[in-house]
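[1] predicted structure and sequence below. I'll ask about it afterward.
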Amino acid sequence: MTKPEQPPAPLSRFARYFTTTGWVHAILLLFAWLFFFPLLWMAATSFKTDEEIPEGALLPAIPFFHPDSPYVRVPVPAQRPADVTPDRWADLLPILTDHASLHILAIQHATPKLNFLAPIDESAHRASAAMILVNSAVAQLNKDLWVGPNFTFLAAYDALLTPDAINSALRSSLAALDLLSFQLHTLDAHLYTLTNAPDFATTWQVESGPARLVPTPGGTLLSYHFTDSTPIILRHSFPFPAGVSSSDLHKLILAIQSDNSWHHVDAQLDLPDGSHLSSTRTTYLAQFRPMSFLFQPPTFDDQILRAKDWIPLRKNGDAASFSFPPSQATLRLFIHPSSTPRAIWGKIVRNYLRAFDAIPFWRYLANSSILVLLTTLGSLFSASFVAYAFARLNWPGRSAAFLLLLATMMLPPQVTMIPGFLIWRGLHWYNTLNPLWVPSFFGTAFFIFLMTQHMRTIPKELEEAARLDGLSPLQSWYYIILPNIKPVLAAIAILSFMSSWNEFLQPLIYIRDQAKFPLALGLYGLKVDQLNPLAPDWSLILAGDVLMTLPVLAVFFLFQRYFVQGMTMTGMKG
């Protein structure tokens, strides 16, 4: 007797959903992610420092509050050379690390301890320096030594662990705020060095705050230990060089080695003529690298279209009292502790503030806004006006003219580029914005075609009734047709806005005056205006790209409903 066949188990609720519509939703979410990921990558990279980009991580590192300086940096993992097998590397890495640690320990015992406010954990310092030393030494070894006997390999390795290499590793593994030089630059391009690195400990003073100037071999560093929100105030009084007065001052340049603490710095400058200047922009102690504070009062540079890489000093009343001789000036640096939220905020806005200063951003934005407005108005007027003639009026040759119009869509823009340039140059419009917006008033073939197809769906009875009421064709276009084509007008406005906002080639051809650049062309200056265009600061460039992308995203998402309606050409119902 056969066992009766059991009915199939009912599908779970999730299985029913996935087999009916869930798989469609999954595909849509996948495409949404493919669209969103480049934007996420661009925004995340705009928050990074240029030191983080080679690491390849998607998200930027999060800065944290650092109460002490100097402090030990997080150890960098040792990198396996490409010629070494993983097994051989796994066997030798502990031995290499132990040898490096022993050599570092000997140097640490023989080196006098510096008088820091917060003591350094020597074992953590040694571990961090050992990784740097291992990476440096293995990169110099002959690749044939890796397959030879261990004693030969270790002898060659130990020979590379010189005192200079060890001291360099110890210094590189320590994040410290080093004071390197202090210079004065005059308006007639003379540069005077006022303080060298070893002299900071004797010529500068900690006026207040939990800090100490510590002399080091060949330099000076600032050791601090924040316990509350009390800022550190560094003070330096200095005489102007012979023949230099307050009116000759162009900028003061303070070169430092940053400790990546993300504490924020402000400045005040008292001049012998009684002026009291304050910085108008806060700067952060970012990255483990040398950087310069350029403190600059108002000069001719403020009117020049160039990267404003200085910290502006603006007059803030007069000095209250003069405790220094009239021939001297006084600079005060205020180093404020940054909590973790403040440090994160500083890292978020840093590249965007640099983008605003690297180019005349607001001037470029104004040029782009003018072009977008005029181009959009021209596209809307020409498309609706010409399409009305094609869709609603009967005149001889209308079909042939419409076919000729569609044929122009098959011409690549490269074909008309040179003739168009010659025409505009003949009109003496080269190096003006006119060639970028005037053509939109003569119509775009695609927009006219889109508008014509949409107008043909509007019932003719509306125009017939308008004529019975005495309206002319022009009045019918304005009072009857335009109110019924709002969706396609919105679609054309969005397409025209995006095309004009992102246009790069046409401004590059027609404009040579930097003051007339639109934003798309102006952002190119973030790359070419850098000291090394072959190694551009991509975090800065992508911050500018994010700023340029935001208006496009806002316009599209705010008006996407009208865009979809216009592109589907549903027309009028009922």
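    Everything's here; your move. Keep in mind the model is a prediction, meaning the values are calculated, not measured. Numbers count the residues shown, from 1 in each chain.
[2] doesn't residue 136 lie inside a strand?
    No: counting by DSSP: H, G, I helix; E, B strand; the rest coil, residue 136 falls outside a strand, being helix.
[3] low-confidence stretches in the stretch 451-574 of the chain?
    528-535, 562-574 (pLDDT under 70).
[4] what residues of whichever strand or helix holds residue 98 count as buried?
    Counting by DSSP states H and E, the element that carries residue 98 is helix 86-110. The neighbour-count check on helix 86-110 (16 or more other C-beta atoms under 10 Å) flags 89, 92-93, 96-97, 99-101, 103-104, 107-108 as buried. The way it works is simple: take the backbone N, C-alpha and C, and place the C-beta from them, glycine included.
[5] run through who's touching it.
    By C-beta atoms under 8 Å, 6 or more residues apart in numbering, the residues outside helix 86-110 that reach it are 78, 80-81, 122, 125-127, 129-131, 133-134, 137-138, 146-147, 150, 153-154, 157-158, 161, 163, 166-167, 169-170.
[6] one more time with 7 Å, if that's ok
    Here helix 86-110 makes contact (C-beta atoms under 7 Å, 6 or more residues apart in numbering) with 78, 80, 122, 126, 129-130, 133-134, 138, 146, 154, 157-158, 161, 163, 166-167, 170.
[7] quick one: buried ones out of these?
    78, 126, 129-130, 133-134, 138, 146, 157, 161, 166, 170.
[8] and the residues you listed, which is closest to residue 518?
    Nearest to residue 518 out of those is residue 78 (C-beta to C-beta; 48.8 Å).
[9] test my guess that the closest one contacts residue 134.
    Yes: between residue 78 and residue 134 a contact is recorded at 4.7 Å, counting by C-beta atoms under 7 Å.
[10] by pLDDT, give me the weakest of the buried ones among the contacts of helix 86-110.
    For those, the weakest pLDDT value sits at residue 146, with 82.
[11] the residue lying closest to that one once chain neighbours are set aside in helix, strand or coil?
    Closest residue to residue 146 apart from its sequence neighbours, by C-beta to C-beta, 6 or more residues apart in numbering: residue 84 at 5.1 Å. Under three-state DSSP, the three-state class of residue 84 is coil.
[12] what's the answer for residue 114, then?
    coil.
[13] for it, the count of nearby residues, please.
    14 (other C-beta atoms under 10 Å).
[14] which neighbouring elements make contact with the longest helix seen in the chain?
    Using DSSP state H, we find that the single longest helix of the chain is helix 361-392. Applying 3 or more C-beta pairs under 7 Å, 6 or more residues apart in numbering; DSSP states H and E, we find helix 361-392 packed against helix 434-437, helix 445-455, helix 486-502, helix 519-522.
[15] returning to what we had before: in a markdown table, list the buried ones among the contacts of helix 86-110 along with distance to residue 38 and secondary structure.
    Converted to a markdown table, those look like this (distance: C-beta to C-beta, whole Å; DSSP: H, G, I helix; E, B strand; the rest coil):
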| residue | distance to residue 38 | secondary structure |
| --- | --- | --- |
| 78 | 34 | coil |
| 126 | 43 | helix |
| 129 | 40 | helix |
| 130 | 40 | helix |
| 133 | 40 | helix |
| 134 | 37 | helix |
| 138 | 37 | helix |
| 146 | 41 | helix |
| 157 | 44 | helix |
| 161 | 46 | coil |
| 166 | 45 | helix |
| 170 | 42 | helix |
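[16] show me which of those residues is closest to residue 496.
    So of the buried ones among the contacts of helix 86-110, ranked by how close each gets to residue 496 (C-beta to C-beta), first place is residue 78, at 55.9 Å.
[17] quickly note the distance from the closest one to residue 31.
    42 Å (C-beta to C-beta, to the nearest Å).
[18] okay, and for the stretch 251-400 of the chain, where does confidence drop off?
    Short version for the stretch 251-400 of the chain, where the test is pLDDT under 70: 317-327.
[19] where do the helices sit along it?
    Assigned by DSSP state H, counting those that start in this stretch, the helices in the stretch 251-400 of the chain fall at 340-358, 361-392, 398-407.
[20] now the second one: buried residues?
    By neighbour count with 16+ other C-beta under 10 Å, helix 361-392 contains the buried residues 361, 363-365, 367-368, 371-372, 374-376, 378-380, 382-392.
[21] now the strands for the stretch 101-250 of the chain?
    Applying DSSP state E, counting those that start in this stretch to the stretch 101-250 of the chain gives strands spanning 174-175, 177-186, 191-196, 205-208, 211-216, 219-225, 232-239, 249-257.
[22] how about those in JSON lines, adding mean neighbour count and distance to residue 469?
    Shown next, in JSON lines, are those (neighbours: other C-beta atoms under 10 Å; distance: least, C-beta to C-beta, whole Å):
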{"stretch": "strand 174-175", "mean neighbour count": "20", "distance to residue 469": "81"}
{"stretch": "strand 177-186", "mean neighbour count": "20", "distance to residue 469": "76"}
{"stretch": "strand 191-196", "mean neighbour count": "16", "distance to residue 469": "81"}
{"stretch": "strand 205-208", "mean neighbour count": "14", "distance to residue 469": "83"}
{"stretch": "strand 211-216", "mean neighbour count": "17", "distance to residue 469": "84"}
{"stretch": "strand 219-225", "mean neighbour count": "21", "distance to residue 469": "83"}
{"stretch": "strand 232-239", "mean neighbour count": "18", "distance to residue 469": "80"}
{"stretch": "strand 249-257", "mean neighbour count": "21", "distance to residue 469": "73"}
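[23] dump those strands to TSV, plus distance to residue 341.
    TSV is the format used below for the strands of the stretch 101-250 of the chain (distance: least, C-beta to C-beta, whole Å):
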stretch	distance to residue 341
strand 174-175	21
strand 177-186	22
strand 191-196	35
strand 205-208	25
strand 211-216	23
strand 219-225	20
strand 232-239	20
strand 249-257	25
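[24] in contact with residue 423, which residues?
    By C-beta under 7 Å, 6+ apart, residue 423 has no neighbours at all.
[25] quickly find the element holding it.
    Assigned by DSSP H and E, residue 423 falls in helix 413-426.
[26] mind checking how far residue 130 is from residue 171?
    Taking C-beta to C-beta, one finds residue 130 at 14 Å from residue 171.
[27] rewinding a little: closest one to residue 238 among the helices and strands packed on helix 361-392?
    Of the helices and strands packed on helix 361-392, nearest to residue 238 by C-beta to C-beta is helix 519-522, at 38.8 Å.
[28] quick one: the nearest residue to residue 163 once chain neighbours are set aside and residue 308, what's the gap?
    Using C-beta to C-beta, 6+ apart and skipping residues adjacent in sequence, the residue nearest residue 163 is residue 107, 6.3 Å away. Here the criterion is C-beta to C-beta. By it, residue 107 lies 44 Å from residue 308.
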